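Participant: Test case, fold it:
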Amino acid sequence: MNDVKRIARLQQMRTPFYLYDMELLARTLDEVSALSARYGIEVHYAVKANPEERILRSIAARGFGADCVSGNEVKCALGNGFPAGRIVFAGVGKTDEEIETAVRSGIFSINCESLPEMKVIDEIASGLGLRARVSARVNPDIDAHTHKYITTGLDENKFGISRYDFDALIKLIRESKSLDFNGLHIHVGSQITDVEQVFSLECERVNEIVSYFENQGIEIENIDLGGGLGIDYLEPDKHPVADFGTWFKTISSHLHVRPGVKVHVEPGRSLVAQCGTLCTRVLYVKPGREKTFLIVDAGMNDLIRPALYGAYHRIDNLSAALRDGSDGNMKKYDVVGPVCESSDTWGEGRELPESFRGDLMAIRSAGAYGQAMASRYNLRDFAKAYYTDNI
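Facilitator: Numbers count the residues shown, from 1 in each chain. Here you go, the predicted model:
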């Protein structure tokens with residue numbers, strides 16, 4: 001089906017809906033799989049980015065592991081083809097029930113984010129008569145040059161263990177009754193586009209941290225560098241696949257590991273964001289004195305990123321492709337949603353082909369943190385998901 005035919009088919013569908021490009025997803029996963037094999041770096045998909053069953057099963061089929069941040073995500077990963085031995089479980093506020101689920105499941109590692117958490121896991125595992133594999137998430141105190149809401153590697157925040165607590169951590173590892181220490185976990189933030197600069201610094205800092213622990217007699221068998229690789233939200237068609245090559249090469253060049261030490265990464269957004277599009281329809285074209293508004297039927301409940309922290313998503317008018325010569329008549333619009341909040345805005349002053357009631361619009365790069373963060377605010381229905389190989 002060529003693009004025009006596909007758009008004509010989409011035009012008939014009830015909006016809003018998510019459309020996933022399964023061909024692009026496969027291309028992305030194939031590239032990452034090849035790089036993983038070439039550099040010997042294991043990949044765990046961050047389930048929080050998009051837990052759609054078809055997405056998960058496609059990723060699990062490539063042999064990737066899963067990075068989970070809740071007990072339900074652990075269960076979801078297990079139920080969609082990820083083996084327990086390739087699942088890691090992070091999160092700053094794990095409940096006793098979630099910890100018990102992870103320990104009983106025998107997952108690869110529980111990534112501990114504080115000393116009190118590690119003590120609780122030791123107690124729970126002891127009470128179950130089981131051993132728990134744990135890693136320590138440590139903060140490298142690196143500014144990832146990204147939005148403050150998605151920076152996580154600074155010395156003082158809710159994530160991870162500060163360097164000031166390293167000696168207490170080492171003491172706790174030695175004195176624990178039911179913990180098998182698995183290694184170190186580091187994550188500095190999300191949507192990182194300064195790939196070489198940020199990740200080379202991360203690796204250099206990790207080298208120092210690993211040396212400190214090993215000089216204290218604590219062997220590090222696994223180094224988990226987290227995720228954070230950014231994508232091109234501005235021009236998704238020019239860069240449909242993130243710069244995984246530079247990411248893997250930077251890690252391989254700057255991280256110094258002993259033979260036998262395994263390196264892990266946890267991409268989420270960069271695997272799935274570009275394959276997802278939120279399709280929405282123009283309800284009204286509302287002219288004002290200085291602005292013209294396109295009011296569409298998708299709202300912040302469907303994709304909260306722009307309302308939450310001003311995130312940019314490219315907007316395309318798909319219907320314009322069905323009209324001859326429409327690209328020459330460009331106009332500026334404020335594209336807004338129907339939700340009763342002023343922040344329910346998709347973009348201000350966006351230059352688009354002249355648009356009309358009923359036009360089908362595409363909000364691009366929505367495959368990550370779109371459906372996963374959706375709500376029924378204003379009692380709006382959840383947007384359905386469709387897949388290009390079924391259209």
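
Participant: Next one, pLDDT for Lys158 please.
Facilitator: Model confidence at Lys158, expressed as pLDDT, equals 77.

Participant: what's the burial count for it?
Facilitator: 9 (other C-beta atoms under 10 Å). From N, CA and C alone the C-beta is placed, and that goes for glycine too.

Participant: what's the weakest-modelled helix or strand in this protein?
Facilitator: Every helix and strand in the chain was compared by mean pLDDT, DSSP states H and E; the lowest is helix 3-11, with a mean of 90.

Participant: Could you list the domains of this structure?
Facilitator: 3-17+274-390, 90-265 (automatic domain parsing).

Participant: In a markdown table, list these along with distance to Glu23.
Facilitator: A markdown table is the format used below for the domains of the chain (distance: least, C-beta to C-beta, whole Å):
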| stretch | distance to Glu23 |
| --- | --- |
| domain 3-17+274-390 | 6 |
| domain 90-265 | 10 |
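
Participant: ranking these by mean pLDDT, which is last?
Facilitator: domain 90-265 (a mean of 92).

Participant: Give me the distance from it to the chain's centre.
Facilitator: 15 Å (C-alpha atoms, centre = their mean, to the nearest Å).

Participant: Could you find the closest non-adjacent residue to Ser253?
Facilitator: Take Ser253 and drop its neighbours on the chain: the residue closest to it by C-beta to C-beta, 6 or more residues apart in numbering is Ser200, 7.6 Å away.

Participant: any idea what sits nearest Arg86, other than its immediate chain neighbours?
Facilitator: Arg86's closest residue in space is Gly65 (C-beta to C-beta, 6+ apart), at 3.2 Å.

Participant: So that neighbour sits against Ala84, correct?
Facilitator: No: using C-beta atoms under 8 Å, Gly65 is not in contact with Ala84, being 9.9 Å away.

Participant: intersection of neighbour lists for those two?
Facilitator: Phe108 (C-beta atoms under 8 Å, 6 or more residues apart in numbering).

Participant: With neighbour numbers in mind, choose between these two.
Facilitator: Between Gly65 and Ala84, counting by other C-beta under 10 Å, Gly65 is the more crowded of the two (24 against 16).

Participant: Do a quick rundown of the helices in the protein.
Facilitator: 3-11, 22-39, 53-61, 71-79, 96-105, 115-128, 166-175, 195-215, 244-254, 269-272, 305-309 (DSSP state H).

Participant: Ala366 is nearest to which of the ones you listed?
Facilitator: Across those, Ala366 has its closest neighbour in helix 305-309 (8.4 Å, C-beta to C-beta).

Participant: Quick check: buried residues in that closest one?
Facilitator: Residues 305-307 are the ones in helix 305-309 that count as buried (16 or more other C-beta atoms under 10 Å).

Participant: same question, stretch 50-69
Facilitator: Residues of stretch 50-69 classed as buried: 50-52, 54-56, 58-60, 63-69 (neighbour count, 16+ other C-beta under 10 Å).

Participant: Okay then, goodbye and thanks.
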